[in-house]
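Got a predicted structure plus its sequence, pasted below:
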Amino acid sequence: RKGTVIITGASSGLGLATAKALAETGKWHVIMACRDFLKAERAAKSAGISKDNYTVMHLDLASFDSVRQFVANFKQSGRPLDVLVCNAAVYQPTAQEPTFTADGIELSVGTNHLGHFLLSRLLLDDMKQSDYPSKRLIIVGSITGNTNTLAGNVPPKANLGDMRGLAGGLNGLNSSTMIDGDKFDGAKAYKDSKICNMLTMQEFHRRYHEETGITFASLYPGCIATTGLFREHIPLFRLLFPPFQKFITKGYVSEDESGKRLAQVVSDPSLTKSGVYWSWNKDSASFENQLSAEASDVSKARKVWEISEKLVGLA
Ligand code: NDP
């Protein structure tokens, strides 16, 4: 049978390119889990994805109700779940003030981390039940969360501190909107959320890999300087960023190429190792990359997990 893969945020950028790459193999049915139904349908059509190879299902990660509703709808569809890709993200580098999810949580961490945390916890049982030979849960990471790299050292640097803000619910009322309890910084909130993504992947691995056989992985797909992720940046940045990445840092990767990379993590028989953060070298060959000290801190991973469980209503 065809594999079933859910990809969040498949309406543009990396998610769409991955959906296309997988659908084209004829071996996958892609569930495009998107907040804007019409945009996703149009994106699938203009990417030339054939109707039999995808289904759009509504998911707004910035609302726990919507996440639960999505899971219920998916279960009702009767499809098995073989691979889940947590890809969607928001990035608000120029925001002066925080914005909030439906549950009153700072938007970047609320969407990128907590929405995906709830989604993957609720779908774990479905993955356990699937008889697919290589089941995988993939959470897209980022180099910007890695302070052991050049790009990860561009200020403001990611830092979760003692997580007092996260423990307080990131609501800006009786707690800070930043995980470390500091004052709001949109660029840093994104980086912090990506650290949470990478810590969550490793905590999943420690808790569930042996028991379930599921492969848990994260990746840095390269700098896809042309995606919508930078839509909220100032125009001059948007103009100069792609050539800068192409010619100066040489980290630039096209949307097509990044989609092929993520598709490898979904289905390549050689990428089955669990607990790994994949990257690609200049010749586009995959390798197991090292995470920064914070992004691989075992006690922080457990703490993020435990606080997140409470915030999403699982504990
Ligand atoms: P895009 O902005 O093109 O794609 C982000 C996707 O997330 C969109 O489909 C968007 O939906 C969706 N999304 C945002 N908020 C929500 C929400 N509340 N509910 C459901 N979906 C939502 O960016 P990229 O393709 O670049 O980003 C994809 C992933 O790649 C992210 O995890 C990002 O951190 C990561 N990444 C990107 C890099 C880059 O250089 N671009 C580098 C490293 C990692 P909509 O279409 O409706 O806006």
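Now that the structure is in, tell me what you want to look at. What you are looking at is a predicted structure, and each value in this text was computed from that prediction instead of being measured.

show me where the stretch 201-315 of the chain has strands.
215-219, 276-280, 286-288 (DSSP state E, counting those that start in this stretch).

Could you check the pLDDT of residue 145?
At residue 145, the predicted lDDT confidence score is 64.

on that earlier part again, any chance of JSON lines for the strands of the stretch 201-315 of the chain, columns distance to residue 205 and mean pLDDT?
Using the backbone N, CA and C atoms, a C-beta is placed for each residue, glycine as well. JSON lines is the format used below for those (distance: least, Cβ to Cβ, whole Å; pLDDT from 0 to 100):
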{"stretch": "strand 215-219", "distance to residue 205": "4", "mean pLDDT": "97"}
{"stretch": "strand 276-280", "distance to residue 205": "9", "mean pLDDT": "94"}
{"stretch": "strand 286-288", "distance to residue 205": "13", "mean pLDDT": "93"}
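
Comparing those strands, which comes out most buried?
Comparing the strands of the stretch 201-315 of the chain by mean neighbour count (mean count of other Cβ atoms under 10 Å), strand 215-219 ranks first with a mean of 26.

Any idea what the closest residue to residue 291 other than its chain neighbours is bridged to?
Among residues not flanking residue 291 along the chain, residue 277 sits closest, at 5.4 Å (Cβ to Cβ, 6 or more residues apart in numbering). Here residue 277 sits in beta bridges with residue 218, as judged by DSSP bridges.

these two touch, right, residue 277 and residue 141?
Yes. Look at residue 277 against residue 141 with Cβ atoms under 8 Å: they come within range, at 6.1 Å.

what's the overlap in contacts for these two?
198, 201, 218, 219, 220, 295 (Cβ atoms under 8 Å, 6 or more residues apart in numbering).

What does the fifth one show for phi and psi?
For residue 220, the backbone dihedrals (degrees, to the nearest 10) come out as phi -110, psi 110.

and the gap between it and the ligand?
6 Å (Cβ to the nearest ligand atom, to the nearest Å).

and what of the first one?
When distance is defined by Cβ to the nearest ligand atom, residue 198 is 11 Å away from the ligand.
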